[in-house]
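Visitor: show me how the following folds:
(2 chains)
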2 protein chains.
Amino acid sequence: MAESRVDKLREYLDRGDTSGLKEFLRKLHPVDISETFQYLEFEERLSIIKLLDFEMAGSVLSELDLGESNELLSSLEPQFLSDIMEAIPSNEAADLLGEMPEEEAEKTLSLMEKEEAEDVERLLKYPAETAGGIMTPEFLSIGSETTADEAIAVLRSAKDIEMISYVYVVNEGGHLTGVVSLRKLIVSEGKCRLKEIMDRNVISARTDVDQEEVARLVRRYDLRTLPIVDEKGVLVGRVTVDDVMDVIEEEATEDIYRMAGTDDEELSRKSVLNVARLRLPWLLTSLVGGMISAAIMRSFNVTLENVVALVFFVPVIMGMGGNIGMQSSTIVVRGLATGRIELGHVWGVLFREIRTGALMGLICGAVVGIVVRVLQGEVMLGFVVAASMFAAITVAATIGVLMPMGLKTLKIDPAIASGPFVTTANDITGLLIYFFLATSFATYLR
Amino acid sequence: MAESRVDKLREYLDRGDTSGLKEFLRKLHPVDISETFQYLEFEERLSIIKLLDFEMAGSVLSELDLGESNELLSSLEPQFLSDIMEAIPSNEAADLLGEMPEEEAEKTLSLMEKEEAEDVERLLKYPAETAGGIMTPEFLSIGSETTADEAIAVLRSAKDIEMISYVYVVNEGGHLTGVVSLRKLIVSEGKCRLKEIMDRNVISARTDVDQEEVARLVRRYDLRTLPIVDEKGVLVGRVTVDDVMDVIEEEATEDIYRMAGTDDEELSRKSVLNVARLRLPWLLTSLVGGMISAAIMRSFNVTLENVVALVFFVPVIMGMGGNIGMQSSTIVVRGLATGRIELGHVWGVLFREIRTGALMGLICGAVVGIVVRVLQGEVMLGFVVAASMFAAITVAATIGVLMPMGLKTLKIDPAIASGPFVTTANDITGLLIYFFLATSFATYLR
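Guide: All right, here's what the predicted structure looks like:
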């Protein structure tokens, strides 16, 4: 799909057929245009952006990845930029301006209409991943004495507010007191006052609430829009469901990348050196863990020299412990993130994971013990390997649950635990268990 | 929050204050009631469900986990059940009925109003994770000659359709031809015909489209509702954004769990044996990999017996290869899922990951080489370990990219690759590289 659009765009550009290109672009959705940009040269992108009307250009820029939009933004005229910023919702304008060098952003803001510029400046003050950082300050608020017909008239005149699903009812101080859905407004008697039809149990969030919590509220109560209030309860904006969908996906992606010891910034970083810098903290933790493993094996050198066959099963014991530990911690990390596991339920989950771990340890231990017995021909070695695997797996499951729960209690993102800490801790405990058992039974091993 | 509600509910139940309890329940949101159920005894849950009106009872049941709702459903009277099913949207009814034993579901259906029962039965035929399986068949469709005022009148009379954001325009055959947002309807002149104000570029999906694709469309185009058509283009239902949010989260959770070699069913499975059965396929793959590692080490036994110190660094080389492999495959798996990486871009991503892998292999190899040189006091061993780590990490990054891409090409979910295949493949290649190098330089090693 994208490829055929790219071909069409190139055709128009090569022919220099500006009016044909304009006509073709008008029929496309902004997201479809932005998608073609990854296949186009910078000069081609720039020509296309300049041909779009302000609103469309702004929407296309908003859809681009950080790196792509940055380059374009710094090549556009300040006047064109300020026109774009005025044409798109303030939160999108704030996002774009936030990416630009401060000086250029200031210049663009100074060229914008005062009211719009103030809206954007206010938004820029909120931290990015909070309700304030993702809200749009455009909303429809009406007094509670207004009738349904009057409210509809207001609605008709407010053409520039997008995606309205609710009318918010406020008192004289601007405090949020109720909500009426668009649908309710339509089906109500025209002379009804809003206070008679509004829902007083409005679910709202403060500007400083984390975006993850915002997403949870919207999902939990199946909302189209969540009103955002300041510390005094005054309505200052709303978060729409399309932004929430992005948050849900972003947060999941962040968790996934963190569990693997990297970050969701990775794909927008261009240089390999930058990517390596993101990943190195975990890798070095893990490297230290590996060196500790080496030191442990070295200290058990006597046992190893006597029974070289012991060494063969180090990878399988460490590997299986690592697997189970990762499974348990993944279950807990994701369960905590989606709310299916709560901190209050620690013991139930722990107990269950330990039992699961023990059961799988028993199965895997038995399998590996029998294989060792048959292939290596040694009963005692088979027993030591099987028992170590059983113990290592059970301990790994325990650590896999306790580590993220502990981090969550300490208010550290448990997703980072699933990677470095759990793996390293399990490698070391697995090795210790194995060599401890091997040394204890050393006299029975060849 | 949930705890205080539970205490309140218990108070009412213990006092036998039915009317007080009813009054208290009326003020709660269904999701808040369902949340308290995990803290309540079965008998308490049952009493509460029976006190709710049909719609509320249905919503509460829909919000519950599979295990919890099953128990309750099978304890309710068929007549009560059929009243509940009639009161809630057909897709929720279908979900609940789908969980019940066939016989009971049939009985409930037979007690329902014919039209509603047919709606539900039709929905039950679609596979669960498709557009048909998550759509609701209640929608508002109107002919294109209708005026805005007439459309609003229709809307006013259709009180039982929830969450309307768009009116769909269809022709005589029921084929979807356009869409008008509720907002557009309100701001338009009352005498306008829908064909004049409707958007003809309707984005829709067929019933057999995967729910992940449905979610992607809704997110991509910031829709509130996606119309669903049959193979002839006839409008048969719509998927609302709240269901899409659930899909986004479910799919992310599924990916995360699959990467760890388990499944998102895990949390709803009660018995440890069932959980173990889910996880065993991966663990056994991994176990076989571990046994192959053991066999490899055994075949290099001569080298090992001569230079026992070689063994100390097996865990760190395998572990680091495993880490990088997991990082690369995570980047690719999630990138493919969110659409940030496309199959067409394989080479760019591969090249980048290999370079990142090589760089990190160089850093980690240098660190580990120096440590070995200093602690173990052996230059050649340090060199062999460092070179092996460099090679193992670079290969691991390559496998980490190619494996999920290959699976995706074969139309297998790449998420399952990040776990078993990548880890096992990397363990084995890492070990082979290390011992191959060690044997080649055996004469220089003590």
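Visitor: which SSE is immediately downstream of the helix or strand harbouring residue A:304?
Guide: For residue A:304, the element it lies in under DSSP states H and E is helix A:301-306. Downstream of helix A:301-306, the next assigned helix or strand under DSSP H and E is helix A:309-312.
Visitor: give the other helices and strands that that following helix contacts.
Guide: Applying 3 or more Cβ pairs under 8 Å, 6 or more residues apart in numbering or on different chains; DSSP states H and E, one finds that helix A:309-312 makes contact with helix A:301-306, helix A:379-409, helix A:420-440, helix B:272-299. From N, CA and C alone the C-beta is placed, and that goes for glycine too.
Visitor: residues contacting that helix, please?
Guide: The contact list for helix A:309-312 (Cβ atoms under 8 Å, 6 or more residues apart in numbering or on different chains) reads A:303-304, A:376, A:378, A:381, A:384, A:434-435, A:438, A:445-446, B:293-295, B:297-298, B:304, B:311, B:314.
Visitor: name the nearest residue to the residue nearest the centre of chain A, sequence neighbours excluded.
Guide: Taking Cα atoms, centre = their mean, the centroid of chain A lies closest to residue A:251, which sits 1.8 Å from it. In space, and not counting its chain neighbours, residue A:251 is closest to residue A:212: 5.3 Å by Cβ to Cβ, 6 or more residues apart in numbering or on different chains.
Visitor: dump whichever strand or helix holds that neighbour to PDB, restricted to CA.
Guide: Residue A:212 is part of helix A:211-220 when elements are defined by DSSP H and E. This file holds the C-alpha atoms of helix A:211-220, laid out as PDB (Å, rounded to 0.1, in the frame of the first residue of the first chain):
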ATOM      1  CA  GLN A 211      -0.200   8.800  32.000                       C
ATOM      2  CA  GLU A 212      -0.400   5.100  32.800                       C
ATOM      3  CA  GLU A 213      -3.000   5.900  35.500                       C
ATOM      4  CA  VAL A 214      -4.900   8.000  33.000                       C
ATOM      5  CA  ALA A 215      -5.000   5.100  30.600                       C
ATOM      6  CA  ARG A 216      -6.200   2.800  33.400                       C
ATOM      7  CA  LEU A 217      -9.100   5.100  34.200                       C
ATOM      8  CA  VAL A 218     -10.200   5.500  30.600                       C
ATOM      9  CA  ARG A 219     -10.000   1.700  30.000                       C
ATOM     10  CA  ARG A 220     -11.600   0.800  33.300                       C
END
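Visitor: so what touches that helix?
Guide: By Cβ under 8 Å, 6+ apart, helix A:211-220 touches A:129-131, A:133-134, A:203, A:205, A:223, A:226, A:239, A:241, A:244, A:247-248, A:251, A:337, A:339, B:31, B:242, B:245-246, B:249.
Visitor: list the buried residues for that helix?
Guide: Under the neighbour-count criterion of 16 or more other Cβ atoms under 10 Å in any protein chain shown, helix A:211-220 has A:211, A:214, A:215, A:216, A:217, A:218, A:219, A:220 buried.
Visitor: TSV for those, including pLDDT?
Guide: Shown next, in TSV, are the buried residues of helix A:211-220 (pLDDT from 0 to 100):
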residue	pLDDT
A:211	92
A:214	94
A:215	92
A:216	89
A:217	92
A:218	92
A:219	88
A:220	88
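Visitor: helix, strand or coil for the closest residue in space to residue A:90 that isn't next to it in sequence?
Guide: In this structure, residue A:90 finds its nearest non-sequential neighbour in residue A:119, 4.3 Å apart by Cβ to Cβ, 6+ apart. When classified by DSSP: H, G, I helix; E, B strand; the rest coil, residue A:119 comes out as helix.
Visitor: from chain B, how far off is residue A:119?
Guide: 20 Å (Cβ to the nearest Cβ, to the nearest Å).
Visitor: which residues of the stretch 101-250 of chain A lie near chain B?
Guide: A:152, A:155-156, A:159, A:163-165, A:182-183, A:186-187, A:201, A:218-222, A:224, A:241-242, A:244-246, A:248-249 (Cβ under 8 Å from any Cβ of the partner chain).
Visitor: can we see that at 6 Å?
Guide: Residues of the stretch 101-250 of chain A lying near chain B by Cβ under 6 Å from any Cβ of the partner chain: A:155-156, A:164, A:182-183, A:186-187, A:219-220, A:222, A:241-242, A:245, A:248-249.
Visitor: do I have it right that residue A:235 meets residue A:176?
Guide: Yes - if you go by Cβ atoms under 6 Å, residue A:235 and residue A:176 touch, sitting 4.5 Å apart.
Visitor: okay, and the common contacts of the two?
Guide: Residues touching both residue A:235 and residue A:176 (Cβ atoms under 6 Å, 6 or more residues apart in numbering or on different chains): A:170, A:227, A:229.
Visitor: distance of residue A:187 from residue A:150?
Guide: With distances taken as Cβ to Cβ, to the nearest Å, residue A:187 is found 16 Å from residue A:150.
Visitor: equivalent analysis for residue A:40, please.
Guide: Noted for residue A:40: a distance of 49 Å to residue A:150, by Cβ to Cβ.
Visitor: in strands, which of the residues of the stretch 101-250 of chain A next to chain B fall?
Guide: Of these, none are assigned to strands by DSSP state E.
Visitor: can you select the buried ones among the residues you listed for me in ChimeraX?
Guide: Remark: buried members of these, expressed as a ChimeraX selection using 16+ other Cβ under 10 Å:
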select /A:155,164,182,183,186,187,219,220,222,241,242,245,248,249
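Visitor: so among the residues of the stretch 101-250 of chain A next to chain B, where is pLDDT lowest?
Guide: The lowest pLDDT within these belongs to residue A:164, which sits at 73.
Visitor: so it touches residue B:182, yeah?
Guide: No - at 8.6 Å, residue A:164 does not count as touching residue B:182 under the criterion of Cβ under 6 Å.
Visitor: give me the contacts around stretch A:399-414.
Guide: For stretch A:399-414, the surrounding residues in contact (Cβ under 6 Å, 6+ apart) are A:325, A:328-329, A:332-333, A:336, A:346, A:349-350, A:353, A:417, A:421-422, A:425-426.
Visitor: coming back round to it: most neighbours, which of the shared contacts of residue A:235 and residue A:176?
Guide: Neighbour counts for the shared contacts of residue A:235 and residue A:176, by other Cβ atoms under 10 Å in any protein chain shown, peak at residue A:227, which reaches 23 neighbours.
Visitor: picking up where we left off before, and the helices and strands packed on helix A:309-312 as TSV, adding mean neighbour count, mean pLDDT and distance to residue B:406?
Guide: As requested, the helices and strands packed on helix A:309-312 are arranged in TSV below (neighbours: other Cβ atoms under 10 Å in any protein chain shown; pLDDT from 0 to 100; distance: least, Cβ to Cβ, whole Å):
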stretch	mean neighbour count	mean pLDDT	distance to residue B:406
helix A:301-306	14	82	39
helix A:379-409	23	91	29
helix A:420-440	22	89	26
helix B:272-299	19	86	16
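Visitor: could you dump these to TSV with distance to residue A:65?
Guide: Converted to TSV, those look like this (distance: least, Cβ to Cβ, whole Å):
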stretch	distance to residue A:65
helix A:301-306	51
helix A:379-409	31
helix A:420-440	28
helix B:272-299	34
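Visitor: any idea which of those gets closest to residue A:369?
Guide: helix A:379-409 (3.0 Å; Cβ to Cβ).
Visitor: what does the helix or strand just after that closest one rub up against?
Guide: Note on helix A:379-409: by DSSP H and E, the next helix or strand toward the C-terminus is helix A:415-418. Contacts with helix A:415-418, where a contact means Cβ under 6 Å, 6+ apart, come from A:255, A:258, A:259, A:329, A:330, A:333, A:403, A:404, A:407.
Visitor: now the two most distant members of the residues you listed.
Guide: A:255 and A:403 (15.1 Å).
Visitor: now the strands for the stretch 1-150 of chain A?
Guide: Ranges of strands in the stretch 1-150 of chain A, per DSSP state E, counting those that start in this stretch, are A:141-143.
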